[in-house]
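Visitor: show me the folded form of this:
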Amino acid sequence: MLRKTTASMPRRPSARRPAAAAAVLALVVVDACGLRPVEKAPSARLEPAPPPGRAPAAPATVPPVEDPAPPATVPPVDDFAPPATTPPAPASVPDEAPARYPPDAVHGPVTRGMVARWRRLAAAHPQRDDRMFLKAGASGTLNLHFFTCLAARPGPFPAVNWGSAPALAAAAAWFHPPADGRGRRDPFARRSLATEVSRTAGWALRGDPSPIEAELAATSARFAIVAFGTNDMVMAGTPRAALSAYTADLGRVADLLTAHGVIPILTGPGPRAHVPAIAPWVAVFDAATRAVAESRQVPYLSLEVLHRPLTGAGLARDGMHANTARTGGVNSPCAFDAEGLRYGYNARNLETLRALDAVRRAVAPGDAPPGDEPPTLAPPAAPALVGAGRPEAPFRLDALPFVHPGWLAAGGEARYVLDLPAATALRVELVAGRGSAFSLEVAAPAGEAPVGGRAPVRAGARFAEGTFSGGTWHLTVGRPATAGSEAGAARDYLLLVVPCAPGETACH
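Guide: Predicted structure coming up:
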């Protein structure tokens, strides 16, 4: 049986850049969605590193910045062949199958298989600095309230109040520059070339060099904090139209970073309360972010889940940017006590640092002996998916939200079964990549009205939404036998199943 798991932006001086009821669910399938390496060759100024081959498969008083209004089985994760000097993974621990990321969790898992892959990637790019990270994102990441307070010199903010997380003080200190100020910049305070107000994941890839390429050339960072999606979902007229572009672009950003030895932490978009029609799609875009991270086995952070219990959903009065705790009338985004962690930037700063520390210790364990247990983030990896995607053994949706990266050759299909204990409002989306021919079929339980027309579930060529009755539903993702120039190639897709917001009219 299916189970359900349960500040506004202060402006900075501009910098010239290089050209660049029942539970409610949403079910989304995304094809090609960035599950392929970036096609653009890295800039000549970057160290040579070919893209990895992939098998198919703030407070309300701050003036706001206005953003513009308008893969059937998991494909193998890149297995970077290590040079002779690479420290091997423990002999007793073989490479793991790709881990499934659990639903409704703030963090993705960190498994021993991931650690082995990340260490091989790091060894293949020794020029990268384990004490540096870069940032890529829009206003929420450019905002001074994000991470600046963790710098050795925290600027306008009070000293960090570590609250119940004193062990993370050492995590921040790891990235601080030498006390004499020589050498590298403090990554917590450094202005990234890949952050700008109102930008999308696609923006980070455009130009020669692109903002991501420029940032790679400007810093030797080993890690990257990547956070897009808030603006992406309004850039194509409707969130449904924008979803495939966002997923593809985010995947290409991740691939470009890993091609240069950088491990990205993919951060999903935070809540948006200022546009009611957009707000329910945040969970869908967050699930798409999780699916991209899972398909590449890189770290993931869900702001959508993180913000749920926070004061005012962790949002400033503009309903889009995070809010910040105040101490003695002063903004305190690094107050990590119980009171401070009720606010958006405070919670994001702490959990991003926690994710950064986990991946850093996995790659550069410091004094820890080789082959030690990897750092852990709750929760562990989700159980293996049951089924094989065939008619006699369909994949079974086991928990919500659900994501599944898969791939299909021409003429192939993947079967899924969704058992609903009660009537449930669902949104089903099939988003195909450019030039990809895919189809989605949704079959109602026996005796129920078929999908489409005036039935409770309306449908289009690549979507279905409405009230799905209790019972067993059959979902089929198919690809025609003749698919033009791509007939011989397998194409990737993502299947996402995400709870919609209660009361969302489009789902009812």
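
Visitor: residue 403 versus the residue located most distally from the centre of the chain, what's the distance?
Guide: If you look at how far each residue of the chain sits from its centre, by Cα atoms, centre = their mean, the farthest one is residue 447, at 39.2 Å. Going from residue 447 to residue 403 by Cβ to Cβ, to the nearest Å gives 30 Å. The way it works is simple: take the backbone N, C-alpha and C, and place the C-beta from them, glycine included.

Visitor: just want the most central residue of this structure.
Guide: Nearest residue to the geometric centre of the chain (Cα atoms, centre = their mean): residue 289, 3.0 Å.

Visitor: excluding chain neighbours, give the residue nearest to residue 388 in space.
Guide: Nearest residue to residue 388 in three dimensions, chain neighbours excluded: residue 395, at 7.4 Å (Cβ to Cβ, 6 or more residues apart in numbering).

Visitor: also residue 278?
Guide: Excluding the flanking residues, the one nearest residue 278 by Cβ to Cβ, 6+ apart is residue 272, at 5.3 Å.

Visitor: does the one you found sit in a helix, a strand or a coil?
Guide: The local conformation at residue 272, judged by DSSP: H, G, I helix; E, B strand; the rest coil, is coil.

Visitor: I'd like to know how far it sits from residue 231.
Guide: Distance check for residue 272 against residue 231: by Cβ to Cβ, it reads 10 Å.

Visitor: so what's the closest residue to residue 270 other than its chain neighbours up against?
Guide: Ranked by Cβ to Cβ, 6+ apart and with sequence neighbours excluded, the top spatial neighbour of residue 270 is residue 303, at 3.9 Å. Contacts were defined as Cβ atoms under 8 Å, 6 or more residues apart in numbering; by that measure residue 303 touches 227, 267-271, 286, 348.

Visitor: repeat for residue 229
Guide: Counting by Cβ under 8 Å, 6+ apart, residue 229 has contacts 201, 246, 250, 268-269, 282, 285-286, 289.

Visitor: dump the residues you listed into CSV; add secondary structure, pLDDT and distance to residue 221 as well.
Guide: Formatted as CSV, the contacts of residue 229 follow (DSSP: H, G, I helix; E, B strand; the rest coil; pLDDT from 0 to 100; distance: Cβ to Cβ, whole Å):
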residue, secondary structure, pLDDT, distance to residue 221
201, coil, 98, 18
246, helix, 95, 23
250, helix, 96, 18
268, coil, 98, 21
269, coil, 97, 23
282, helix, 94, 28
285, helix, 94, 25
286, helix, 95, 25
289, helix, 95, 20
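
Visitor: of those residues, closest to residue 506?
Guide: When the contacts of residue 229 are compared for distance to residue 506, the smallest value, 14.1 Å, is given by residue 282; criterion: Cβ to Cβ.

Visitor: what's the spacing between that closest one and residue 271?
Guide: Taking Cβ to Cβ, one finds residue 282 at 5 Å from residue 271.

Visitor: name the residues contacting each of these two.
Guide: What both residue 282 and residue 271 touch, as defined by Cβ under 8 Å, 6+ apart, is the set residue 304.

Visitor: isn't residue 265 right next to residue 298, touching?
Guide: Yes. Contact criterion Cβ atoms under 8 Å: residue 265 and residue 298 qualify, at 7.2 Å.

Visitor: list the buried residues of stretch 144-159.
Guide: If you call a residue buried by 16 or more other Cβ atoms under 10 Å, then stretch 144-159 has these buried ones: 144-151, 154, 157.

Visitor: scratch that, stretch 324-334 is what I was asking about
Guide: Neighbour-count burial for stretch 324-334, counted by 16+ other Cβ under 10 Å, picks out 324-326, 331-334.

Visitor: residue contacts, residue 185?
Guide: Residue 185 sits next to 177, 219 when contact means Cβ under 8 Å, 6+ apart.

Visitor: now with 7 Å?
Guide: Counting by Cβ atoms under 7 Å, 6 or more residues apart in numbering, residue 185 makes contact with residue 177.

Visitor: give the helix, strand or coil label for it.
Guide: When the structure is reduced to helix, strand and coil (three-state DSSP), residue 185 reads as coil.

Visitor: could you check how far residue 130 is from residue 262?
Guide: With distances taken as Cβ to Cβ, residue 130 is found 11 Å from residue 262.

Visitor: typo on my end, residue 397
Guide: 34 Å.

Visitor: next one: residue 497
Guide: Residue 497 sits 30 Å away from residue 262 when distances are taken as Cβ to Cβ.

Visitor: now whichever strand or helix holds residue 173: average pLDDT?
Guide: Element membership for residue 173, per DSSP states H and E: helix 169-175. Averaging pLDDT along helix 169-175 yields 95.

Visitor: C-terminal to that helix, what's the next element?
Guide: Taking DSSP H and E as the definition, the helix or strand that follows helix 169-175 towards the C-terminus is strand 194-195.

Visitor: the residue nearest to residue 111 when sequence neighbours are not counted: neighbour count?
Guide: The spatially closest residue to residue 111, leaving aside those adjacent along the chain, is residue 99, at 4.8 Å (Cβ to Cβ, 6+ apart). Here the count is done by other Cβ atoms under 10 Å, and residue 99 has 21 residues near it.

Visitor: how near is residue 99 to residue 109?
Guide: The gap separating residue 99 from residue 109 is 5 Å, by Cβ to Cβ.
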